[in-house]
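J.: Just a sequence and a predicted model for now, questions to come.
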Amino acid sequence: MFDHVTELTHLVVRWVHLIAGIMWVGNSMLFNWIDRNLAKREGGNGPGHIGDIWMVHSGGFYQMEKKSLGPGEMPKALHWFKWQNGITWLSGMSLLVLIFYMGAKAMMVDPEVSSITPNGAVLLSAVSLPVAFAVYDLAWRSRIGKNVTLATIITCADVLVTSWVYFHYLSGRAAYVHVGVLLGTLMTGNVWMVIVPSQRELIAATLENREQDPAKGYQAKQRSVHNNYFTFPLLFIMLSGHFPSTYSHPKNWLILLILGLGSAGIRWCMNMRFDKPGWLFPAGTIFVSCLGIVYALFADKDLLGGGAPKRTTPVAFAEAADVIHRRCSPCHAAMPTDDTYRTAPNGVMYDTPEQIIAKASAIHERAVVLRNMPLANITKITPEERETLRAWFDQGAKGPQ
């Protein structure tokens, strides 16, 4: 019963996170696009007219106008977009707790990376996120923020240093996820500590017949642009969890850096396309260059070496099965003996020869090529045992003779 409740909880939280995230990112992208396409009309609707745009969608024409309201001009109905972000971040943090904090021993700790304890890894995560946001927020609120170039350098340094800490102490998968959580936290902080307060003041000034403070509106727009550039790298990190070849690679930090910067660069080209018609070529160049570098890293056999002398002698099924039963079956069995899992992850079990042979390719990929199984090497598989599995697979992954 407990297992079913846990799985259902994970499902519901992931579902909420996905839906809220789509709504938040969709609205953010749409309003950013509208802002960059507004056209100021001669004799627009009143002195507050900034620009408008006509669009066609779902069988109808739509006109959207951006304007500044004078004191006392508040409309009767005002739509306010804010809860998509709050729900996205809260559900994301819930997943961080459910998956990584509660399973820190398997999900956050890797003895091959550092000797940090599960509790230490959780503490590192919990402390680093607010500290990183405080550094970023202070840079843009203080006098430094008036120098956009310097504040941008500090922001990049903040993200890179915090990411280095994650890759230095946490498992590859946890490091990737935490960089994503870091970006999401910066974005959420921007929404609730800068953008929403600015909107509240904007509304209050209009209702109280006061002049609006343009500086607050500028600051909110500035943070909104930051969020726009954080979006593509964050979306890549969300997808990377399905591709162990990224976070388990010996150069996982470099892959994330290349694809993260490349994603932000492509986002910049897309934003600039309204002012610079030739945007597609640099965007395509960034895309192809990033993929080329990452492909070269994936193809580098020296980086993916197993750390043990290559085995050339025959490997019987019994020998390979013994390694699998000792190092993999504590989790992947009908009745797991590992404390972390009460049921076999993804339903994968290695209790019988038929089950092992059916998953031979996956075993080779995860235990030999990517070397991200067992998780955090919790069962202490050795380089020699990985080489045994490699040789067995290369020799045809034969069953009992």
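T.: Nice, I can see it.

J.: Do a quick rundown of the helices in the stretch 151-300 of the chain.
T.: Taking DSSP state H, counting those that start in this stretch as the criterion, the stretch 151-300 of the chain carries its helices at 172-190, 196-207, 214-240, 244-247, 252-272, 280-299.

J.: Check which helices and strands the third one sits against.
T.: To tie it back to what came earlier, the one meant is helix 214-240. Counting contacts by 3 or more CB pairs under 8 Å, 6 or more residues apart in numbering; DSSP states H and E, helix 214-240 packs against helix 2-37, helix 118-141, helix 172-190, helix 196-207, helix 252-272. Placement of C-beta: from N, CA and C, glycine included.

J.: Next: the fourth one.
T.: Helix 244-247 is packed against helix 172-190, helix 252-272, with contacts defined by 3+ CB pairs under 8 Å, 6+ apart.

J.: mind redoing it with 7 Å?
T.: Contact partners of helix 244-247 among helices and strands, from 3 or more CB pairs under 7 Å, 6 or more residues apart in numbering; DSSP states H and E: helix 172-190.

J.: quick one: the helix it packs on to helix 252-272, angle?
T.: 40 degrees (axes from the mean of the first three to the mean of the last three CA atoms, to 10 degrees).

J.: if we look at helix 172-190, which residues are touching it?
T.: Where contact means CB atoms under 7 Å, 6 or more residues apart in numbering, the residues beyond helix 172-190 that reach it are 85, 89, 92, 96, 100, 107-108, 125, 129, 132-133, 136-137, 159, 162-163, 166-167, 170, 223, 226-227, 230, 233-234, 237-238, 240-241, 247-248, 252, 256, 372.

J.: Determine how far the host helix or strand of Ser361 lies from the middle of the whole chain.
T.: Per DSSP states H and E: Ser361 is located in helix 360-363. Going by CA atoms, centre = their mean, to the nearest Å, the spacing between the C-alpha centre of helix 360-363 and its chain's C-alpha centre is 27 Å.

J.: Give me the distance from the following helix or strand past it to the chain's centre.
T.: Past helix 360-363, heading to the C-terminal end, the next element that is a helix or strand (DSSP H and E) is helix 383-394. In this view, helix 383-394 has its centroid 33 Å away from the chain centroid, taken as CA atoms, centre = their mean.

J.: What of stretch 145-153?
T.: Going by CA atoms, centre = their mean, where stretch 145-153 is centred and where its chain is centred differ by 25 Å.

J.: Only the buried residues of that stretch, if you could.
T.: By neighbour count, and taking 16 or more other CB atoms under 10 Å as the criterion, the buried residues in stretch 145-153 are 145, 151.

J.: And stretch 337-353, by the same measure?
T.: 338, 340-341, 343-344, 348-350.

J.: same thing with stretch 53-62?
T.: By neighbour count, and taking 16+ other CB under 10 Å as the criterion, the buried residues in stretch 53-62 are Ile53.

J.: Please give the number of neighbouring residues around Pro383.
T.: Using other CB atoms under 10 Å as the criterion, Pro383 is surrounded by 13 other residues.

J.: Repeat that for Trp279.
T.: For Trp279, the neighbour count with other CB under 10 Å is 17.

J.: shift numbering so it begins at 159
T.: Yes, from this point I'll number from 159; that puts the last item at Trp437.

J.: my read: it touches Met430, true?
T.: Yes - contact criterion CB atoms under 7 Å: Trp437 and Met430 qualify, at 5.5 Å.
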